[in-house]
Every structure is written in structure tokens, then in C-alpha cells.
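In: predicted model and sequence below, questions to follow.
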Amino acid sequence: MPAREAPGDSRNGEVLLSLHRVSLAFGHIQALDDVSLEVRRGEIVGLIGPNGSGKTTLLNVVSNLYRPQRGAVYFLGERLDGLAVHEVARRGIGRTFQVARVFGRLTALQNLLVPGYTHGEVAGTAPAQLRARAWELLRFFDLEGVAHVPAGQLSGGQQKLLEFARALMLQPRLLLLDEPFAGVHPLLKERMLQHIAELHAQGLDFVLVSHDLPTMLGVSSRLVVLANGQKIADGDPEAVRQEAAVVEAYLGV
Ligand SMILES: Nc1ncnc2c1ncn2[C@@H]1O[C@H](COP(=O)(O)OP(=O)(O)O)[C@@H](O)[C@H]1O
Ligand SMILES: [Mg+2]
């Protein structure tokens, strides 16, 4: 549904996102320390690491909420850092937040229409199409029944689903999900995983941030590990899990 191209597409393997030697410090805290990373079409990259290792900061740099002090970020070969936040979204990068950021007084349906209207006008999408798409997403995420309920009255898990749905309104090529499973009911987590798998099968690629290692081993096609702002491992999930540095930095805590 939100896909722009099917998996198995000849473009699979093409570099979507690329971070080149990115560093960012907050005072004396080096949140990102010379991090390079590539995300290719067809991948689900799992980004793991202990609390405070820089995962959210990395997503914030990609979505241009933070500007790196050194290094560069590219999306489909085009320099991203320095663009406005909405420009990043328009180029095809969607994201969700660790604690879902929904508009509490707006209904679930209205929440989905917000990015559609603000960006859709620019892209020339007619309101009727946006509404149709919003309903399609509400059905996909099984949120139809709460379409007219203010988002602030939804459970934390439902808010996460709603935020996930909202990110899809702009038909991203790449979706960055920050701790999508944290604090959600196990059944909802299973649904979230099914949605990710289904959307991936339709051609959407993901960067998933989580400290839930067993889940990440199951869902990721590649694992990247951060510790103290540095990338300490990057590769096949099972191999990465067994690396001594990962065991020490991540599993040891
Ligand atoms: N806006 C900020 N101001 C100051 N320090 C920050 C800010 N954002 C993150 N940090 C610090 O940067 C480090 C990395 O944080 P974060 O990226 O949130 O880690 P993670 O998501 O892996 O738990 C932490 O030490 C955190 O306290
Ligand atoms: Mg975080």
C-alpha cells in the first residue's frame, strides 16, 4: 500500500541513507563519535545499544532535528544535513519518536491528515485522496474504531500505532522507528512486527531502534551496535551478537 517499489526490484541494494563520519557532542557528552553507516534498499537495519549510546541522537541527526558538528548525511546521494525538517520528510524519510508524539486533542483521523495537508498541498495531493489514504491506514492498523476519538484518549500502544500510520501518510521510502516496542503490550508488539514485515514486503525499508535484542535479532536483516556514541559492530545479526565487544558493551550491562 505505501510502497513505492516492490522488493526484488532491480534497485535493491542501492544505498538509500548514508552517514559519513558524523559527530555530535552535547557539552562534554560525545553523543555520536565519528559514526559512518549505510542503509540500502531492501534492508531492515536494527540499531541497538545500551541506554544513552546515541541511538535517538542518530535518528535526530538523520531527520535534521539536530545538526551534526562534523560529518555529512546523504539520502539517495543527496546531502541532507542542513535541510529543513520538512524537507527531509518530503524526500522520503519518515520517523516515529520514542514516546509517541500525537496531537492529543485531534482525533486519530485528524492526526493522519495533518502531515497530509501540510505536505500534500505542496505535493499537489487532493484532500479527497488524503482522506482515502488516511482511512486505508486506519484500517491497516486496525484503528478504524477509534478514528473519531481524540488521540490523547488512546492507549500508549495505540498512540504508537497512530504515529506509525501518520508517518506513512507521506509515503516514505525509509522509515525510522524509535523504540517501537517499548512499553507496548506483547500482543501489540506482535502486531507491530507484522505491520513492519508486511510493509517491508511491499518495498518499505526500515531503521529500527530498540534495546530489545531478541526481537531485533528476529526482525533485522542487519544489526548496527552503538556504545558511547561509537559504532562498535555492523553486520549479520547472529555474527554481531557474538562479537566480544558487543557482549561486553551491550549484553554485559
Ligand atoms: N538534547 C540533548 N541535550 C543534551 N544531551 C543530550 C541531548 N540528547 C541526547 N543527549 C545525551 O546524549 C547521549 C545519547 O542520548 P540518546 O541518543 O538519547 O541515547 P539512546 O537513544 O541510545 O538511549 C546521552 O548521554 C544523552 O543524555
Ligand atoms: Mg533513545
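Out: Sure thing, it's come through. Numbering: from 1, shown residues only. Ligands and ions are numbered 1, 2, ... in the order given.
In: helix or strand next in line after the helix or strand bottoming out on mean pLDDT in the chain, which one?
Out: When the helices and strands of the chain are scored by mean pLDDT, DSSP states H and E, helix 108-123 comes last with a mean of 75. On the C-terminal side of helix 108-123, the nearest following helix or strand under DSSP states H and E is helix 127-140.
In: now that next one: mean pLDDT?
Out: The average pLDDT within helix 127-140 is 91.
In: which positions in it come out as buried?
Out: L130, R133, A134, L137, L138, F140 (16 or more other CB atoms under 10 Å). The C-beta positions use only the backbone N, C-alpha and C, and glycine is treated the same way.
In: residues in contact with the nearest residue to the third one once chain neighbours are set aside?
Out: Right, the one you point to is A134. For A134, ignoring the flanking residues on the chain, the nearest one in space by CB to CB, 6 or more residues apart in numbering is L112 at 3.9 Å. Listed by CB atoms under 8 Å, 6 or more residues apart in numbering, the contact set of L112 reads R133, A134, L137, L138, L162, A165, R166, M169.
In: take those and lay them out in TSV including distance to A197.
Out: As requested, the contacts of L112 are arranged in TSV below (distance: CB to CB, whole Å):
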residue	distance to A197
R133	21
A134	23
L137	17
L138	20
L162	20
A165	16
R166	20
M169	20
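In: tell me the one of those nearest L226?
Out: Nearest to L226, judged by CB to CB, of the contacts of L112 is R166 at 26.5 Å.
In: what pLDDT does the closest one get?
Out: At R166, the model reports a pLDDT of 94.
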